[in-house]
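Student: Sequence first, then the predicted structure, then my questions.
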Amino acid sequence: MLEIKNISKSFNGKKVLDNISLTIDDQKTLAIVGPSGAGKTTLLRIIAGLTEADSGEFIWNGQPTTPAQLRKDGVIGVVFQGFELFPNLTVLKNIMLAPVLQGQSQAEADKAAMQLLDELALPEQADAYPFSLSGGQKQRVAIARALALNPQVLLYDEPTSALDPNLRQSVANLVKSVQQNGMTQVVVTHDMDFAESVADTTFKVQQIGGDDE
Ligand SMILES: Nc1ncnc2c1ncn2[C@@H]1O[C@H](COP(=O)(O)OP(=O)(O)OP(=O)(O)O)[C@@H](O)[C@H]1O
């Protein structure tokens, strides 16, 4: 369980997040929703250790920690908006790259990546390059790449925003099946239907106005 307490963040004197507290429960999916510009992506990036909060506390399974530490320990994985696949690497290499850089053998990483591609119904695409994939397939590869690092908490930034509306349900099914395999998940989305279909709980980020001073 990851507890987040009293997170605040300003950019250039403008407060974006004001004393946000939330709990991410094990093996559940939490949707972070709110209007455009409210700070959903900022909150996700803070949890991912990619942006530093100005203040606040993080408690992982009862122990105080920092997102940077959780990231270092491989606790948290991220599926980025727009997938951010490496265009010059095949699907298989996209998935294997980080585990190999972390010291896994090529053979082990290859086997694990093929298993993930099987689970995500993409085995034929192992040798394809990202440009040749559909949006839905790219999303699956992005999820496989994050899962390859065996995170305990998986964060998704707007997983449906780069996809046709008709793919929304298939991404929702995928997110649900990852949860059924025991993953704890946080999904940032402005899509309330999607949030309702995947989430056990929903956290709403309020839009705040005015300056810090
Ligand atoms: N690195 C940054 N530097 C300056 N301002 C930033 C930075 N990142 C975000 N902001 C500002 O913080 C506010 C919240 O942005 P954020 O992307 O977190 O919102 P969001 O709720 O995810 O929006 P959307 O739904 O449109 O993606 C915006 O006003 C944005 O311009």
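Tutor: Good, I have the coordinates. Residues are numbered from 1 along each chain as shown.
Student: If residue 156 is in a bridge, with which residues?
Tutor: Beta-bridge partners recorded for residue 156 (DSSP bridges): residue 79, residue 187.
Student: Quick check: it vs residue 28, distance?
Tutor: 14 Å (C-beta to C-beta, to the nearest Å). (Glycine included, C-beta is placed from N, CA and C.)
Student: Which one's more surrounded, the two?
Tutor: Set residue 156 next to residue 28 and count neighbours by other C-beta atoms under 10 Å: residue 156 wins out with 28 against 16.
Student: Let me see the confidence value for the more buried one.
Tutor: pLDDT for residue 156: 95.
Student: show me the contacts for it.
Tutor: Counting by C-beta atoms under 8 Å, 6 or more residues apart in numbering, residue 156 touches 78, 79, 175, 185, 186, 187, 188, 189.
Student: which of those residues tops the neighbour count?
Tutor: In terms of neighbours by other C-beta under 10 Å, those top out with residue 187 at 28 neighbours.
Student: what residues are up against it?
Tutor: By C-beta under 8 Å, 6+ apart, the neighbours of residue 187 are 29, 30, 31, 32, 155, 156, 159, 175, 194, 195, 198, 199.
Student: same deal with residue 88?
Tutor: By C-beta under 8 Å, 6+ apart, the residues touching residue 88 are residue 129.
Student: hmm, try it at 10 Å
Tutor: Residues near residue 88 by C-beta atoms under 10 Å, 6 or more residues apart in numbering: 94, 129, 130, 131.
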